[in-house]
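J.: Please work out how this folds:
(2 chains)
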Amino acid sequence: MDASTIIAKRIARELRDGMLVNLGIGIPTAVANHVPEGVRVFFQSENGLIGTGPAPEEGMAHRLLTDAGGRPVTALPGACTFDSATSFGLIRGGHVDMTVLGALQVDARGLLANWMIPGKMVPGMGGAMDLVTGAKRVVIAMQHTAKGKPKIVKQCTLPLTSSRPVSLLVTEMAVISFEEGAAMLRETAPGVSVQQVLAATEADLKVPSQVPQMQL
Amino acid sequence: MQTLSIENAVSKIPDGASLMVGGFMGVGTPERIVDEIVRQQKRDLTVIANDTAAPGVGIGKLVSAGVLRKAIVSHIGTNPETQRRMLAKEMEVELVPQGTLIERIRAAGFGLGGVLTPTGVGTVVEEGKQKLTINGREFLVEIALRADFALVGAFLADYLGNLTYALTGRNFNPVIAMAADTVIAAAEHIVPTGVIAPDHVMTPAPLVDYLVTN
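T.: Model prediction:
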(Lines give C-alpha, C1' and ligand atoms only; values in the text may rest on other atoms or scores of the structure.)
Protein backbone atom coordinates (compact mmCIF):
# COMPACT_ATOMS: atom_id res chain seq x y z
CA MET A 1 0.00 0.00 0.00
CA ASP A 2 1.46 3.39 -0.90
CA ALA A 3 1.80 6.21 1.63
CA SER A 4 -1.22 8.22 0.52
CA THR A 5 -3.49 5.15 0.55
CA ILE A 6 -2.40 4.24 4.10
CA ILE A 7 -3.05 7.80 5.24
CA ALA A 8 -6.42 8.11 3.47
CA LYS A 9 -7.67 4.72 4.69
CA ARG A 10 -6.73 5.48 8.29
CA ILE A 11 -8.34 8.90 8.25
CA ALA A 12 -11.51 7.42 6.73
CA ARG A 13 -11.89 5.48 9.98
CA GLU A 14 -12.42 8.82 11.75
CA LEU A 15 -15.60 9.44 9.71
CA ARG A 16 -18.91 9.03 11.49
CA ASP A 17 -22.41 8.77 10.11
CA GLY A 18 -23.99 12.16 9.38
CA MET A 19 -20.78 14.18 9.58
CA LEU A 20 -20.25 17.30 7.46
CA VAL A 21 -16.67 17.00 6.21
CA ASN A 22 -14.39 19.25 4.17
CA LEU A 23 -11.47 17.64 2.37
CA GLY A 24 -8.46 19.61 1.19
CA ILE A 25 -6.57 19.04 -2.03
CA GLY A 26 -4.04 16.19 -2.45
CA ILE A 27 -3.99 13.20 -0.06
CA PRO A 28 -7.09 14.49 1.79
CA THR A 29 -9.18 14.15 -1.38
CA ALA A 30 -8.47 10.40 -1.38
CA VAL A 31 -10.26 9.99 1.98
CA ALA A 32 -13.57 10.08 0.06
CA ASN A 33 -12.60 6.80 -1.65
CA HIS A 34 -12.52 4.91 1.66
CA VAL A 35 -15.73 5.87 3.50
CA PRO A 36 -16.62 2.87 5.72
CA GLU A 37 -19.66 0.86 4.70
CA GLY A 38 -22.87 2.01 6.35
CA VAL A 39 -21.50 5.49 7.03
CA ARG A 40 -23.09 8.39 5.16
CA VAL A 41 -20.96 11.52 5.15
CA PHE A 42 -21.78 14.91 3.65
CA PHE A 43 -18.75 16.27 1.82
CA GLN A 44 -18.52 20.04 1.48
CA SER A 45 -16.61 21.80 -1.27
CA GLU A 46 -15.92 25.33 -0.05
CA ASN A 47 -16.77 26.80 -3.45
CA GLY A 48 -20.38 26.23 -2.45
CA LEU A 49 -21.53 22.61 -2.41
CA ILE A 50 -22.63 20.02 0.16
CA GLY A 51 -23.10 16.55 -1.27
CA THR A 52 -20.03 16.47 -3.47
CA GLY A 53 -19.91 13.20 -5.40
CA PRO A 54 -17.18 11.48 -7.40
CA ALA A 55 -15.78 12.81 -10.66
CA PRO A 56 -18.30 12.50 -13.52
CA GLU A 57 -17.96 9.93 -16.28
CA GLU A 58 -16.19 11.13 -19.36
CA GLY A 59 -18.33 13.54 -21.35
CA MET A 60 -20.73 14.14 -18.42
CA ALA A 61 -18.93 17.06 -16.74
CA HIS A 62 -20.97 20.20 -16.03
CA ARG A 63 -19.06 23.44 -16.51
CA LEU A 64 -20.69 24.96 -13.41
CA LEU A 65 -20.19 22.00 -11.08
CA THR A 66 -16.66 21.71 -9.75
CA ASP A 67 -14.78 21.15 -6.52
CA ALA A 68 -12.66 23.81 -4.83
CA GLY A 69 -9.77 22.89 -7.12
CA GLY A 70 -11.91 23.66 -10.17
CA ARG A 71 -12.15 19.99 -11.18
CA PRO A 72 -15.50 18.62 -12.39
CA VAL A 73 -17.44 16.71 -9.75
CA THR A 74 -20.95 15.33 -9.42
CA ALA A 75 -23.62 16.28 -6.91
CA LEU A 76 -25.23 13.38 -5.03
CA PRO A 77 -29.02 13.25 -4.59
CA GLY A 78 -29.85 15.62 -1.74
CA ALA A 79 -26.91 17.91 -2.52
CA CYS A 80 -27.25 21.65 -2.05
CA THR A 81 -25.39 24.69 -3.32
CA PHE A 82 -24.81 28.10 -1.75
CA ASP A 83 -22.73 31.26 -2.00
CA SER A 84 -19.25 31.75 -0.53
CA ALA A 85 -20.47 33.73 2.51
CA THR A 86 -22.68 30.80 3.52
CA SER A 87 -19.93 28.32 2.73
CA PHE A 88 -17.49 30.06 5.07
CA GLY A 89 -20.21 30.65 7.64
CA LEU A 90 -20.52 26.86 7.73
CA ILE A 91 -16.75 26.56 8.15
CA ARG A 92 -15.99 29.38 10.58
CA GLY A 93 -19.24 28.90 12.49
CA GLY A 94 -18.30 25.42 13.69
CA HIS A 95 -20.85 23.59 11.52
CA VAL A 96 -18.21 21.52 9.74
CA ASP A 97 -17.54 18.45 11.90
CA MET A 98 -14.16 17.59 10.43
CA THR A 99 -11.70 18.94 7.94
CA VAL A 100 -8.79 17.00 6.47
CA LEU A 101 -5.89 19.11 5.23
CA GLY A 102 -2.35 18.68 3.99
CA ALA A 103 0.64 20.24 5.75
CA LEU A 104 4.15 21.53 5.22
CA GLN A 105 4.98 21.39 8.95
CA VAL A 106 3.24 20.46 12.19
CA ASP A 107 4.96 21.28 15.44
CA ALA A 108 5.11 19.71 18.91
CA ARG A 109 2.07 21.66 20.08
CA GLY A 110 0.03 20.76 17.01
CA LEU A 111 0.39 24.12 15.30
CA LEU A 112 0.17 23.90 11.54
CA ALA A 113 2.00 25.60 8.66
CA ASN A 114 0.51 24.75 5.28
CA TRP A 115 0.12 27.82 3.12
CA MET A 116 3.43 29.34 2.12
CA ILE A 117 7.21 29.02 1.94
CA PRO A 118 8.52 32.60 2.06
CA GLY A 119 10.49 33.51 -1.06
CA LYS A 120 9.68 30.20 -2.74
CA MET A 121 6.01 29.41 -2.89
CA VAL A 122 3.28 31.90 -2.14
CA PRO A 123 0.04 30.32 -3.32
CA GLY A 124 -2.12 32.12 -0.75
CA MET A 125 -4.05 30.66 2.11
CA GLY A 126 -7.34 30.18 0.26
CA GLY A 127 -9.75 28.70 2.79
CA ALA A 128 -7.15 26.95 4.97
CA MET A 129 -7.02 29.56 7.75
CA ASP A 130 -10.80 29.56 8.13
CA LEU A 131 -10.96 25.76 8.13
CA VAL A 132 -8.29 25.34 10.81
CA THR A 133 -9.84 28.10 12.91
CA GLY A 134 -13.46 27.00 12.60
CA ALA A 135 -13.92 23.28 11.90
CA LYS A 136 -14.80 21.20 14.97
CA ARG A 137 -11.99 18.75 14.28
CA VAL A 138 -8.87 19.33 12.19
CA VAL A 139 -7.12 16.21 10.89
CA ILE A 140 -3.82 16.49 9.04
CA ALA A 141 -2.90 14.09 6.25
CA MET A 142 0.75 14.25 5.28
CA GLN A 143 3.84 12.20 4.56
CA HIS A 144 5.95 11.82 7.69
CA THR A 145 9.05 13.37 6.13
CA ALA A 146 9.90 15.45 3.04
CA LYS A 147 13.05 14.36 1.18
CA GLY A 148 14.19 12.63 4.38
CA LYS A 149 13.71 15.72 6.55
CA PRO A 150 11.18 15.64 9.41
CA LYS A 151 7.95 17.59 8.86
CA ILE A 152 6.91 17.10 12.48
CA VAL A 153 9.15 19.71 14.08
CA LYS A 154 9.78 21.23 17.51
CA GLN A 155 8.48 24.57 16.32
CA CYS A 156 7.17 25.60 12.91
CA THR A 157 9.67 27.72 10.96
CA LEU A 158 7.12 28.45 8.23
CA PRO A 159 4.25 30.95 8.70
CA LEU A 160 1.41 29.47 10.75
CA THR A 161 -2.05 28.80 9.37
CA SER A 162 -3.79 29.34 12.70
CA SER A 163 -3.02 29.78 16.39
CA ARG A 164 -5.31 26.83 17.05
CA PRO A 165 -3.64 23.39 17.24
CA VAL A 166 -4.85 20.56 15.02
CA SER A 167 -6.64 17.56 16.55
CA LEU A 168 -4.98 14.60 14.86
CA LEU A 169 -2.08 13.93 12.50
CA VAL A 170 -1.95 10.84 10.29
CA THR A 171 1.14 9.89 8.29
CA GLU A 172 2.16 6.68 6.54
CA MET A 173 4.13 5.84 9.71
CA ALA A 174 2.00 6.94 12.63
CA VAL A 175 -1.06 8.52 14.19
CA ILE A 176 -0.27 11.42 16.53
CA SER A 177 -2.69 13.37 18.70
CA PHE A 178 -2.26 16.78 20.29
CA GLU A 179 -3.92 17.15 23.63
CA GLU A 180 -3.05 19.75 26.26
CA GLY A 181 -0.27 21.08 24.08
CA ALA A 182 1.68 17.82 23.78
CA ALA A 183 2.23 15.42 20.87
CA MET A 184 1.36 11.82 21.71
CA LEU A 185 2.11 8.78 19.57
CA ARG A 186 -1.20 6.93 19.28
CA GLU A 187 -0.57 4.28 16.62
CA THR A 188 2.16 3.00 14.34
CA ALA A 189 1.59 1.76 10.80
CA PRO A 190 1.95 -1.99 10.08
CA GLY A 191 5.64 -2.87 9.94
CA VAL A 192 6.79 0.41 11.50
CA SER A 193 8.38 0.44 14.97
CA VAL A 194 8.11 3.13 17.61
CA GLN A 195 11.86 3.70 17.24
CA GLN A 196 11.50 4.31 13.50
CA VAL A 197 8.76 6.88 14.14
CA LEU A 198 10.84 8.67 16.77
CA ALA A 199 13.87 8.71 14.44
CA ALA A 200 11.80 10.36 11.68
CA THR A 201 10.28 12.95 14.03
CA GLU A 202 12.02 16.11 15.25
CA ALA A 203 9.38 17.03 17.83
CA ASP A 204 9.36 15.21 21.15
CA LEU A 205 6.61 12.61 21.22
CA LYS A 206 5.04 11.17 24.33
CA VAL A 207 4.97 7.40 23.96
CA PRO A 208 2.47 5.38 26.01
CA SER A 209 3.50 1.92 27.22
CA GLN A 210 1.30 0.29 24.61
CA VAL A 211 1.19 1.71 21.06
CA PRO A 212 -1.38 -0.18 18.99
CA GLN A 213 -0.97 -0.86 15.28
CA MET A 214 -2.94 1.25 12.82
CA GLN A 215 -6.07 -0.56 11.61
CA LEU A 216 -6.57 -0.16 7.87
CA MET B 1 -31.83 48.43 -14.99
CA GLN B 2 -30.63 49.09 -18.49
CA THR B 3 -29.66 46.54 -21.11
CA LEU B 4 -26.45 47.29 -22.97
CA SER B 5 -24.31 45.61 -25.58
CA ILE B 6 -21.14 44.07 -24.21
CA GLU B 7 -19.07 46.86 -25.82
CA ASN B 8 -21.15 49.64 -24.24
CA ALA B 9 -21.34 47.96 -20.84
CA VAL B 10 -17.58 47.58 -20.59
CA SER B 11 -16.98 51.10 -21.89
CA LYS B 12 -18.56 52.30 -18.60
CA ILE B 13 -15.46 51.03 -16.77
CA PRO B 14 -12.72 53.69 -16.62
CA ASP B 15 -9.02 52.92 -16.33
CA GLY B 16 -8.00 52.67 -12.69
CA ALA B 17 -11.37 51.33 -11.53
CA SER B 18 -11.78 48.68 -8.84
CA LEU B 19 -13.73 45.61 -9.94
CA MET B 20 -15.23 42.78 -7.98
CA VAL B 21 -15.45 39.75 -10.23
CA GLY B 22 -17.55 36.68 -9.53
CA GLY B 23 -16.19 33.18 -9.97
CA PHE B 24 -14.16 30.49 -8.27
CA MET B 25 -11.32 29.17 -10.41
CA GLY B 26 -13.18 30.74 -13.34
CA VAL B 27 -16.44 28.91 -12.58
CA GLY B 28 -19.17 31.55 -12.52
CA THR B 29 -16.94 34.30 -13.93
CA PRO B 30 -18.60 36.40 -16.65
CA GLU B 31 -16.08 35.44 -19.35
CA ARG B 32 -17.60 37.71 -22.00
CA ILE B 33 -17.08 40.77 -19.82
CA VAL B 34 -13.52 39.69 -19.05
CA ASP B 35 -12.79 39.21 -22.76
CA GLU B 36 -14.18 42.63 -23.59
CA ILE B 37 -12.08 44.33 -20.87
CA VAL B 38 -9.01 42.79 -22.48
CA ARG B 39 -10.18 43.82 -25.96
CA GLN B 40 -10.75 47.43 -24.84
CA GLN B 41 -7.25 47.45 -23.30
CA LYS B 42 -8.22 48.88 -19.92
CA ARG B 43 -5.38 49.88 -17.60
CA ASP B 44 -4.50 49.96 -13.88
CA LEU B 45 -7.53 48.02 -12.72
CA THR B 46 -7.82 46.57 -9.23
CA VAL B 47 -9.55 43.22 -9.10
CA ILE B 48 -11.21 41.83 -5.97
CA ALA B 49 -12.10 38.16 -6.34
CA ASN B 50 -11.61 34.72 -4.86
CA ASP B 51 -8.60 33.83 -7.00
CA THR B 52 -6.87 34.58 -10.31
CA ALA B 53 -7.89 31.23 -11.86
CA ALA B 54 -5.38 29.98 -14.43
CA PRO B 55 -3.74 31.48 -17.53
CA GLY B 56 -6.41 31.77 -20.24
CA VAL B 57 -9.28 31.23 -17.79
CA GLY B 58 -11.50 33.92 -16.26
CA ILE B 59 -9.51 36.49 -14.27
CA GLY B 60 -6.34 34.78 -15.50
CA LYS B 61 -6.97 36.55 -18.83
CA LEU B 62 -6.85 39.94 -17.08
CA VAL B 63 -3.57 38.99 -15.40
CA SER B 64 -1.94 37.86 -18.64
CA ALA B 65 -3.18 40.95 -20.55
CA GLY B 66 -1.45 43.20 -18.00
CA VAL B 67 -4.58 45.26 -17.29
CA LEU B 68 -4.31 44.82 -13.52
CA ARG B 69 -2.45 47.04 -11.09
CA LYS B 70 -3.53 45.03 -8.07
CA ALA B 71 -5.37 41.87 -7.09
CA ILE B 72 -7.04 41.33 -3.71
CA VAL B 73 -7.62 37.56 -3.63
CA SER B 74 -7.37 34.50 -1.39
CA HIS B 75 -5.36 32.29 -3.71
CA ILE B 76 -2.97 32.60 -6.65
CA GLY B 77 -1.43 29.12 -6.53
CA THR B 78 -3.14 27.95 -9.71
CA ASN B 79 -1.86 30.84 -11.81
CA PRO B 80 1.95 30.93 -12.24
CA GLU B 81 1.60 34.15 -14.25
CA THR B 82 0.17 35.98 -11.22
CA GLN B 83 3.04 34.72 -9.08
CA ARG B 84 5.60 35.77 -11.68
CA ARG B 85 4.14 39.28 -12.01
CA MET B 86 3.92 39.63 -8.24
CA LEU B 87 7.58 38.65 -7.73
CA ALA B 88 8.63 40.94 -10.62
CA LYS B 89 6.62 43.77 -8.99
CA GLU B 90 4.57 44.24 -12.14
CA MET B 91 1.43 43.68 -10.14
CA GLU B 92 0.52 44.00 -6.48
CA VAL B 93 -1.15 41.04 -4.77
CA GLU B 94 -2.92 41.26 -1.42
CA LEU B 95 -3.76 37.83 0.00
CA VAL B 96 -6.80 37.58 2.26
CA PRO B 97 -8.22 34.41 3.85
CA GLN B 98 -11.17 33.32 1.76
CA GLY B 99 -13.75 33.49 4.52
CA THR B 100 -12.50 36.91 5.57
CA LEU B 101 -12.53 38.21 1.99
CA ILE B 102 -16.13 37.23 1.30
CA GLU B 103 -17.22 38.52 4.71
CA ARG B 104 -15.50 41.90 4.17
CA ILE B 105 -17.39 42.18 0.88
CA ARG B 106 -20.63 41.09 2.51
CA ALA B 107 -20.13 43.66 5.27
CA ALA B 108 -19.77 46.46 2.71
CA GLY B 109 -22.88 45.36 0.88
CA PHE B 110 -24.86 45.06 4.09
CA GLY B 111 -23.90 48.49 5.38
CA LEU B 112 -21.45 47.39 8.04
CA GLY B 113 -18.04 48.89 8.76
CA GLY B 114 -16.42 45.48 8.95
CA VAL B 115 -16.51 42.20 10.81
CA LEU B 116 -14.80 40.52 13.77
CA THR B 117 -13.27 37.18 12.84
CA PRO B 118 -11.06 34.69 14.68
CA THR B 119 -9.45 33.70 11.37
CA GLY B 120 -5.87 34.96 11.16
CA VAL B 121 -5.32 35.57 14.88
CA GLY B 122 -1.74 34.60 15.74
CA THR B 123 -0.65 34.54 12.07
CA VAL B 124 0.90 37.09 9.69
CA VAL B 125 -2.65 38.07 8.71
CA GLU B 126 -3.09 39.96 12.00
CA GLU B 127 -0.19 42.36 11.29
CA GLY B 128 -1.34 45.96 11.46
CA LYS B 129 -4.88 45.07 12.45
CA GLN B 130 -6.86 45.94 15.52
CA LYS B 131 -7.69 43.03 17.85
CA LEU B 132 -10.64 42.85 20.19
CA THR B 133 -11.37 40.36 22.94
CA ILE B 134 -15.03 39.37 23.10
CA ASN B 135 -16.14 36.94 25.81
CA GLY B 136 -12.52 35.92 26.34
CA ARG B 137 -11.79 35.14 22.67
CA GLU B 138 -9.58 37.22 20.38
CA PHE B 139 -10.92 38.53 17.08
CA LEU B 140 -9.41 40.58 14.27
CA VAL B 141 -11.19 43.68 13.06
CA GLU B 142 -11.48 43.22 9.30
CA ILE B 143 -12.83 46.27 7.53
CA ALA B 144 -15.52 46.33 4.84
CA LEU B 145 -14.43 46.13 1.21
CA ARG B 146 -16.30 47.94 -1.59
CA ALA B 147 -15.60 48.36 -5.29
CA ASP B 148 -16.54 50.69 -8.13
CA PHE B 149 -17.97 47.82 -10.18
CA ALA B 150 -19.23 44.29 -9.64
CA LEU B 151 -19.02 42.01 -12.66
CA VAL B 152 -21.57 39.30 -12.05
CA GLY B 153 -21.87 36.00 -13.91
CA ALA B 154 -25.46 34.72 -13.65
CA PHE B 155 -27.18 31.67 -15.10
CA LEU B 156 -30.62 33.22 -15.66
CA ALA B 157 -31.59 36.89 -15.83
CA ASP B 158 -35.15 38.05 -16.45
CA TYR B 159 -36.09 41.21 -18.33
CA LEU B 160 -36.12 43.18 -15.08
CA GLY B 161 -32.67 41.98 -13.99
CA ASN B 162 -33.59 39.39 -11.37
CA LEU B 163 -30.77 36.84 -11.32
CA THR B 164 -30.17 33.21 -10.43
CA TYR B 165 -26.95 31.24 -10.44
CA ALA B 166 -26.32 27.58 -11.21
CA LEU B 167 -24.60 25.03 -8.97
CA THR B 168 -21.10 26.09 -7.92
CA GLY B 169 -21.25 29.08 -10.27
CA ARG B 170 -22.86 31.09 -7.45
CA ASN B 171 -19.84 31.56 -5.13
CA PHE B 172 -18.97 35.30 -4.85
CA ASN B 173 -21.58 36.52 -7.37
CA PRO B 174 -24.63 37.37 -5.22
CA VAL B 175 -22.39 38.87 -2.52
CA ILE B 176 -20.45 41.22 -4.84
CA ALA B 177 -23.78 42.31 -6.40
CA MET B 178 -24.47 44.07 -3.07
CA ALA B 179 -21.07 45.71 -2.62
CA ALA B 180 -20.30 47.85 -5.67
CA ASP B 181 -21.42 51.24 -6.94
CA THR B 182 -22.29 49.82 -10.35
CA VAL B 183 -23.35 46.24 -11.04
CA ILE B 184 -22.90 44.79 -14.52
CA ALA B 185 -24.40 41.33 -15.00
CA ALA B 186 -24.05 38.86 -17.83
CA ALA B 187 -26.32 35.81 -17.90
CA GLU B 188 -26.19 32.57 -19.84
CA HIS B 189 -29.90 32.92 -20.60
CA ILE B 190 -32.19 35.95 -20.53
CA VAL B 191 -35.77 34.91 -19.87
CA PRO B 192 -39.15 36.69 -19.69
CA THR B 193 -40.08 38.30 -16.39
CA GLY B 194 -41.91 35.77 -14.25
CA VAL B 195 -39.99 32.73 -15.47
CA ILE B 196 -37.81 32.95 -12.35
CA ALA B 197 -40.18 32.29 -9.45
CA PRO B 198 -39.97 34.82 -6.59
CA ASP B 199 -38.60 32.18 -4.22
CA HIS B 200 -35.79 31.37 -6.64
CA VAL B 201 -34.44 34.86 -7.25
CA MET B 202 -30.95 35.06 -5.74
CA THR B 203 -30.10 38.65 -6.68
CA PRO B 204 -33.05 41.06 -6.72
CA ALA B 205 -33.42 43.15 -9.89
CA PRO B 206 -32.98 46.60 -8.26
CA LEU B 207 -29.35 45.71 -7.49
CA VAL B 208 -28.47 45.30 -11.18
CA ASP B 209 -27.55 48.46 -13.09
CA TYR B 210 -26.67 46.97 -16.46
CA LEU B 211 -27.55 43.63 -18.03
CA VAL B 212 -25.38 42.66 -20.97
CA THR B 213 -27.45 41.58 -23.96
CA ASN B 214 -26.83 38.08 -25.31
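
J.: now the strands: where do they sit in chain A?
T.: With DSSP state E as the criterion, chain A has strands at A:20-23, A:42-45, A:49-53, A:74-81, A:98-101, A:105-107, A:112-113, A:137-141, A:145-146, A:149-150, A:152-153, A:168-170, A:174-179, A:182-188.

J.: Would you point out which residue is most central in chain A?
T.: Nearest residue to the geometric centre of chain A (C-alpha atoms, centre = their mean): residue A:100, 2.3 Å.

J.: Now that residue: closest residue in space that isn't a chain neighbour?
T.: residue A:28 (3.9 Å; C-beta to C-beta, 6 or more residues apart in numbering or on different chains). To be clear about C-beta, it is placed using only N, CA and C from the backbone, and glycine gets the same treatment.

J.: picking that back up, what's the residue nearest to the centre of chain A in contact with, if anything?
T.: The contact partners of residue A:100, taken as C-beta atoms under 8 Å, 6 or more residues apart in numbering or on different chains, are A:11, A:21-24, A:28, A:31, A:139-141.

J.: returning to what we had before: can you put the strands of chain A in JSON lines and add mean pLDDT?
T.: Output for those, formatted as JSON lines (pLDDT from 0 to 100):
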{"stretch": "strand A:20-23", "mean pLDDT": "97"}
{"stretch": "strand A:42-45", "mean pLDDT": "96"}
{"stretch": "strand A:49-53", "mean pLDDT": "95"}
{"stretch": "strand A:74-81", "mean pLDDT": "96"}
{"stretch": "strand A:98-101", "mean pLDDT": "98"}
{"stretch": "strand A:105-107", "mean pLDDT": "97"}
{"stretch": "strand A:112-113", "mean pLDDT": "98"}
{"stretch": "strand A:137-141", "mean pLDDT": "98"}
{"stretch": "strand A:145-146", "mean pLDDT": "96"}
{"stretch": "strand A:149-150", "mean pLDDT": "96"}
{"stretch": "strand A:152-153", "mean pLDDT": "98"}
{"stretch": "strand A:168-170", "mean pLDDT": "98"}
{"stretch": "strand A:174-179", "mean pLDDT": "96"}
{"stretch": "strand A:182-188", "mean pLDDT": "97"}
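
J.: among these, which is the most enclosed?
T.: strand A:98-101 (a mean of 26; mean count of other C-beta atoms under 10 Å in any protein chain shown).

J.: Determine the three-state secondary structure at residue B:168.
T.: At residue B:168 the chain is in helix, as set by DSSP: H, G, I helix; E, B strand; the rest coil.

J.: pretty sure it contacts residue A:50?
T.: No - assessed by C-beta atoms under 8 Å, residue B:168 is found out of contact with residue A:50, at 11.0 Å.

J.: Nearest to residue A:2 among the strands of chain A would be which one?
T.: Closest approach to residue A:2 among those (C-beta to C-beta): strand A:137-141, 13.2 Å.

J.: so the closest one versus strand A:174-179, what angle?
T.: 150 degrees (axes from the mean of the first three to the mean of the last three C-alpha atoms, to 10 degrees).

J.: Spell out which residues of chain A are next to chain B.
T.: Contact residues, chain A versus chain B (C-beta under 8 Å from any C-beta of the partner chain): A:45-49, A:62-66, A:68-70, A:75, A:81-85, A:87-88, A:91-92, A:121-130, A:133-134, A:159-163.

J.: need the contact list for the closest residue in space to residue A:51 that isn't next to it in sequence.
T.: Leaving out its chain neighbours, the residue that sits closest to residue A:51 by C-beta to C-beta, 6+ apart is residue A:79, at 2.7 Å. Applying C-beta under 8 Å, 6+ apart to residue A:79 gives the contacts A:49-53.

J.: Output these in a markdown table; the columns should cover distance to residue B:110.
T.: Shown next, in a markdown table, are the contacts of residue A:79 (distance: C-beta to C-beta, whole Å):
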| residue | distance to residue B:110 |
| --- | --- |
| A:49 | 24 |
| A:50 | 24 |
| A:51 | 28 |
| A:52 | 29 |
| A:53 | 33 |
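
J.: And the closest residue to residue A:162 other than its chain neighbours, how close does it get to residue B:150?
T.: In space, and not counting its chain neighbours, residue A:162 is closest to residue A:132: 3.9 Å by C-beta to C-beta, 6+ apart. Distance from residue A:132 to residue B:150, counting by C-beta to C-beta, to the nearest Å: 30 Å.
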